[in-house]
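Colleague: pasting a predicted model and its sequence here:
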Amino acid sequence: MLNLVIDIRKRYRWGLLAIALLISLSAALIQSLLYIQKGDAEVINIAGKQRMLSQKIALHGNALIYDKSLPVKQQHRKLLQDTVEQFIAGHQFLVARDGPNTFRHLNQELEAHYFAAPINLDARVKRYVSKAQKLLNSRDDYTDFDGPVFETQQVEVLLNELDVAVELLEQESVKKVTFIATVELIFWLTALLLLLIELFFVFKPMESLIAKTINKYQTQKEYAEQISKNKERFIARASHEFRTPIQGLTASIEALDINEQQLATKKQAVYCVNRLVAMLDELVDLQQLTTGNWQLNPSRGNLKSTLKHAITPFEYVCDEKNILLSIDIPESLNKDVLTDHARLQQVLAELINNAVKFTAEQGRIAITARSQGEQNYIIEVQDNGKGFEKPPTDILSLENDSEQHFQGLKTGLLRVVHIVKALQGNIEFLSAQPQGVKVVLSLELSNAAGDDAEVLLPNKLHCLIVEDNQLNATILGRILGQLNYSFDIAENGLIATDKASDKQYDLIFMDLNMPVMDGFKAIDIIRNEQGQQVPILVVTANTSNDDLQRVYELGANLHVYKPISLDSVQKALSILFTESSQG
């Protein structure tokens, strides 16, 4: 790109230089033309004035002889004297020399007209002036003049010769103007030619070079976008593939009937599963942040339950490290608030995870939460680990590569800061006393007031489970059994559409990635071809925002991510049937 800019700049400068040079030369020619026209106009004006002065000399000269009134004679005498002086000055101007053999205003033709036979205008003018001066020298005695001094024929001849001089001067001026105009035309044509040359040899190649470079970078851009899309698909696919066995693992752990001695092992398994899900969520969030598709999904939920759900998985690891975990969540937080509860759990889980990571055995972690007013809430996570030398001014300094900690995906605290900003909250990292770190999270959460009554789920539902994975179908069927709901199972979208057309269902649980016919096509057929309005709850491990947007456009009502649990299904049904009851 830099070479392209340099090349374009060089070509452009040469083109501008050539155009500027031609414009400057054209401007100089125009200025010289104006100067010549000004000088020639003065010369032609004086030459034309000589004709008028010659006539005035004849007029005033003859009036001196024939007029009888003395005052009138004196007036004509004064006018004659002034006219003769002007006539002489004009003639001297016209025949002025720049050197012994060169005239300032006369070309060869005019020189011959003024000084060569048979015209010899210079001699004629001098004789004419001589007669006028002789008349002026006579004072008041004009008896020597028995007739007119300036005869009409003589005056007419002089006038004609002066006319010829004016014509010759005009012709010379026209020649100069024509020459300069011709040169100007040549410059104009040269400029056009230069523009054509620049067009074909500068701008056309430059246009081709730019187009080639743009195409090159467009190809690279498309390649980068394709890589980004492939990465997004890979992350979504990997998340999907991991969540499916995790679903089975979670259900299997919950179904274990164990004795009290094995309870710690079960807690360990639950902790590991939750960490796997958290890392999958972290990967998905990172991809969504990169592509700009990340957004909050606020919903109504119990604040105390949300906080407890984030804390519970860490009880096992704290027991393993002999870390005293103290939890203080007052009953005043046992209320419904409107926020993105899943994101809030991610924030708290990440803060607790970092506290556990940097707290030594037999250390202490304290988690406290409290309300300040109606909508302001403070959540604190404090440990007595190694802390930091001074409070960080940049959250990135907490994950300095020089510390060589390779746990996690190295994106947790970055995600925490982003989520807190999105929640319009504030987070502070402070040094605890005597050692350790204290993280203070401040949030303003709207109370979900107005409907304090518990949402009652329908007593009876006949559901259709559309799921190709037998284990996932079994788990969902077990959850529906706990809710005393009946269900049928369809292994793919084609079977599901056939069942939906033959039997009336109260709710359809729809997976997306299935063989034969996927969930997208099945939703489309149920909504648009069969015209059914049965609620459709998408149960998927697919975290792609584009895919989720597509299922809603096709007509799905809600979605939940795998792995599912009784709690997540109940929440989804609560939202679904609350919305249905409201309109």
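Modeller: Perfect, thanks for sending it.
Colleague: in a helix, Val337, correct?
Modeller: No - Val337: not assigned to a helix; according to DSSP: H, G, I helix; E, B strand; the rest coil it is strand.
Colleague: Val440 sits in which helix or strand?
Modeller: Assigned by DSSP states H and E, Val440 belongs to strand 437-444.
Colleague: name every strand pairing with that strand and say which way it goes.
Modeller: strand 376-383 (antiparallel), strand 426-431 (antiparallel) (DSSP bridges).
Colleague: right, so those strands: which one is the most enclosed?
Modeller: strand 376-383 (a mean of 20; mean count of other C-beta atoms under 10 Å). Quick note: C-beta positions are derived from backbone N, CA and C, even for glycine.
Colleague: for it, list the C-alpha coordinates in CSV.
Modeller: Only the C-alpha atoms of strand 376-383 are listed here, as CSV (Å, rounded to 0.1, in the frame of the first residue of the first chain):
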residue,chain,number,x,y,z
ASN,A,376,-28.1,0.0,44.2
TYR,A,377,-26.2,-3.2,45.0
ILE,A,378,-22.7,-3.8,46.2
ILE,A,379,-20.9,-7.2,45.7
GLU,A,380,-17.5,-7.7,47.2
VAL,A,381,-15.0,-10.6,46.7
GLN,A,382,-12.0,-10.4,49.1
ASP,A,383,-9.1,-12.8,49.5
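Colleague: next structured bit after that strand?
Modeller: Heading C-terminal from strand 376-383 (DSSP H and E), you reach helix 412-422.
Colleague: for that following helix, buried residues please.
Modeller: Gly412, Leu413, Leu414, Arg415, Val416, His418, Ile419, Val420 (16 or more other C-beta atoms under 10 Å).
Colleague: again with stretch 534-546
Modeller: For stretch 534-546, by 16+ other C-beta under 10 Å, it's Val534, Pro535, Ile536, Leu537, Val538, Val539, Thr540, Ala541, Asn542, Thr543, Ser544, Asn545.
Colleague: and Lys38, how many neighbours?
Modeller: The number of residues packed near Lys38 is 9, by other C-beta atoms under 10 Å.
Colleague: about what we covered before: what angle separates the strand holding Val440 from helix 412-422?
Modeller: For strand 437-444 against helix 412-422, the angle by axes from the mean of the first three to the mean of the last three C-alpha atoms, to 10 degrees is 30 degrees.
Colleague: i'd like the first residue to be 30 from this point on
Modeller: Got it, the first residue is 30 from now on, which makes the last one we talked about strand 466-473.
Colleague: who's in contact with strand 466-473?
Modeller: Applying C-beta atoms under 8 Å, 6 or more residues apart in numbering, the contact partners of strand 466-473 are 368, 373, 376-377, 380, 384, 387, 404-412, 414, 416-417, 449, 452-461.
Colleague: gap between Phe335 and His370?
Modeller: You called it Phe, but residue 335 is Thr. According to C-beta to C-beta, to the nearest Å, Thr335 and His370 sit 5 Å apart.
Colleague: which one of these two is surrounded by more residues?
Modeller: Using other C-beta under 10 Å, the more surrounded residue of Thr335 and His370 is His370, with 22 against 19.
Colleague: pLDDT score for that one?
Modeller: We note a pLDDT of 86 for His370 in this prediction.
Colleague: pretty sure it contacts Gly330?
Modeller: Yes - at 4.3 Å, His370 counts as touching Gly330 under the criterion of C-beta atoms under 8 Å.
Colleague: burial count for the residue nearest to Gly277 when sequence neighbours are not counted?
Modeller: Excluding its sequence neighbours, the residue lying closest to Gly277 (C-beta to C-beta, 6 or more residues apart in numbering) is Leu500, at 4.4 Å. Counted with other C-beta under 10 Å, residues neighbouring Leu500 total 15.
Colleague: now Leu500: phi and psi?
Modeller: phi -60, psi -50 (degrees, to the nearest 10).
Colleague: pLDDT score assigned to it?
Modeller: pLDDT, read off for Leu500, is 85.
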